[in-house]
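Novice: please work out how this folds:
(one chain, ligands or ions: 1)
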Amino acid sequence: MPDSLTLPDDPRAARRLKNLLDVRRIYLEPAVTGFARGREVLARFPDAERVEVASHWRIPELFGNEGGVKDWVRNKRTVLVLGVKKGLAMRPNGRSADFIAPSASNGCALACVYCYVPRRKGFANPITTFVNIEQICASIGRHAAKQGPRTTPGQTDPAAWVYDLGENGDASVDALVSDNIRDLTTLFRGLPNAKGSFATKYVNRDLLGYDPQGRMRIRFSLMPQRAARLLDVRTSPIAERIAAIDDFVRAGWEVHLNFSPVVVYEGWTADYAELLRHLDEVLSPAAKAQAKAEVIFLTHNEALHELNLGWHPAAEAMLWAPRLQETKLSENGQQNLRYKAALKAKMVRMFLDLIRDNAPWCEVRYAF
Ligand code: SF4
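Specialist: Predicted coordinates for the structure are as follows:
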């Protein structure tokens, strides 16, 4: 492993990477140095200041701060947290995957305006990398072994149990920090009955060398660039994500399309039609043959609305549409906002029609 981030030869790409991640301070739990992964990551950022903390969950100067986004972005860029993942149980899912695997990280260096992760862990929420990856992999391996072969096809997959690996962050960005995703890829390559899966908004071309042999699914999140320019802060541009799809398919990844969140704004159907036509034009027959999609309309949140008004009102104007939205109390007691049920049912049908008319090769796994 190199001593720091390996910067690409292209100066623009190098600048972008440095803007995304430039680790200056590492908060770490005392047990971290007892793990090979912990020592590797520390060696990768030798000049970073180290601050020992009792728990990766309790770093008051990082979490819960509702201040300006400048501070969160600075933290996202310059702070890394290293911890040990305690709960290693799988959770049943049934939508993006059959099971949610214990995460090898949480937090994110990207800053999507609609992101629900900060609702749980404060707003800066920089990447926390878990260093006990061997235990995480062993736990997934044992769980998959217990499932036995998948005999009934489902929307998640016709023949494999699917494990979501990226519920609380962006695994492509995590792979800039550690080899956790590489190790998970090695694990799934060897499991006859299971696949790993994660959604991403970042193109990390290092993953092209991971050799997943069809046992890893990367779900590129896509929305019209007009919306992404406002909402997907610090992510790879949509055109770059689309341009990467064929390369990932050639490199042995299964590539699905994650239309999430679908945000409704003036002109959204025309923009999505254009996006779908573009996909139809540029993707190879091989990419189309294996592509499937998931479609998830926006869930917003009142607390996030207030916060976004403080730093990105133009983006918030696109997310906030009380005329179209209704409140729904979430499982954890938050006031969430969804598009009104009857309206949303109509909009889901419109979206499915757009796919049928513009990208008929694209099977939809689920839409809601
Ligand atoms: S990539 Fe995902 S986890 Fe990261 S900020 Fe965007 S929505 Fe949140």
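
Novice: residue numbers of the chain in contact with the ligand?
Specialist: Remark: the part of the chain in contact with the ligand comprises Cys108, Leu110, Ala111, Cys112, Cys115, Val117, Gly169, Asp170, Lys201, using C-beta under 6 Å from any ligand atom. Just so you know, the C-beta spots here come from the backbone N, C-alpha and C atoms, and that holds for glycine as well.

Novice: neighbours of the first one, how many?
Specialist: Same thing as Cys108. Neighbourhood size, Cys108 [other C-beta atoms under 10 Å]: 26.

Novice: then the last one?
Specialist: Using other C-beta under 10 Å, Lys201 is surrounded by 26 other residues.

Novice: just put the residues of the chain next to the ligand in a markdown table and tack on pLDDT, distance to Phe45 and secondary structure.
Specialist: Shown next, in a markdown table, are these (pLDDT from 0 to 100; distance: C-beta to C-beta, whole Å; DSSP: H, G, I helix; E, B strand; the rest coil):
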| residue | pLDDT | distance to Phe45 | secondary structure |
| --- | --- | --- | --- |
| Cys108 | 93 | 18 | coil |
| Leu110 | 94 | 19 | coil |
| Ala111 | 91 | 21 | coil |
| Cys112 | 94 | 25 | coil |
| Cys115 | 90 | 25 | coil |
| Val117 | 73 | 23 | helix |
| Gly169 | 94 | 18 | strand |
| Asp170 | 97 | 19 | coil |
| Lys201 | 98 | 24 | coil |
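
Novice: test my guess that Phe297 contacts Arg338.
Specialist: Yes. Counting by C-beta atoms under 8 Å, Phe297 does reach Arg338; the two are 7.4 Å apart.

Novice: identify the contacts common to those two.
Specialist: Lys344 (C-beta atoms under 8 Å, 6 or more residues apart in numbering).

Novice: now do the SS call for Thr185.
Specialist: Under DSSP: H, G, I helix; E, B strand; the rest coil, Thr185 falls in the helix class.

Novice: low-confidence ranges, the stretch 1-150 of the chain, go.
Specialist: Within the stretch 1-150 of the chain, the segments meeting pLDDT under 70 span 1-4, 64-69, 118-122.

Novice: how about the helices in it?
Specialist: 11-20, 36-44, 69-78, 117-121, 133-147 (DSSP state H, counting those that start in this stretch).

Novice: in a markdown table: these, plus mean neighbour count and distance to Lys195.
Specialist: Compiled in a markdown table, the helices of the stretch 1-150 of the chain are given as follows (neighbours: other C-beta atoms under 10 Å; distance: least, C-beta to C-beta, whole Å):
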| stretch | mean neighbour count | distance to Lys195 |
| --- | --- | --- |
| helix 11-20 | 13 | 28 |
| helix 36-44 | 17 | 23 |
| helix 69-78 | 18 | 29 |
| helix 117-121 | 17 | 23 |
| helix 133-147 | 17 | 10 |
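
Novice: so which of those helices gets nearest Gly190?
Specialist: helix 133-147 (8.3 Å; C-beta to C-beta).

Novice: helices and strands around the closest one, which ones?
Specialist: Counting contacts by 3 or more C-beta pairs under 8 Å, 6 or more residues apart in numbering; DSSP states H and E, helix 133-147 packs against strand 161-164, helix 180-189, strand 194-200.

Novice: how far is it from where the chain is centred?
Specialist: Distance of helix 133-147 from its chain centroid, counting by C-alpha atoms, centre = their mean, to the nearest Å, is 21 Å.

Novice: give me the angle between that helix and helix 36-44.
Specialist: With axes from the mean of the first three to the mean of the last three C-alpha atoms, to 10 degrees applied, the angle from helix 133-147 to helix 36-44 works out at 140 degrees.

Novice: now tell me what touches helix 133-147 from outside.
Specialist: By C-beta under 8 Å, 6+ apart, helix 133-147 touches 35, 37, 85, 88-90, 99, 101-102, 104, 130, 161, 163, 178-180, 183-184, 187, 191, 193-194.
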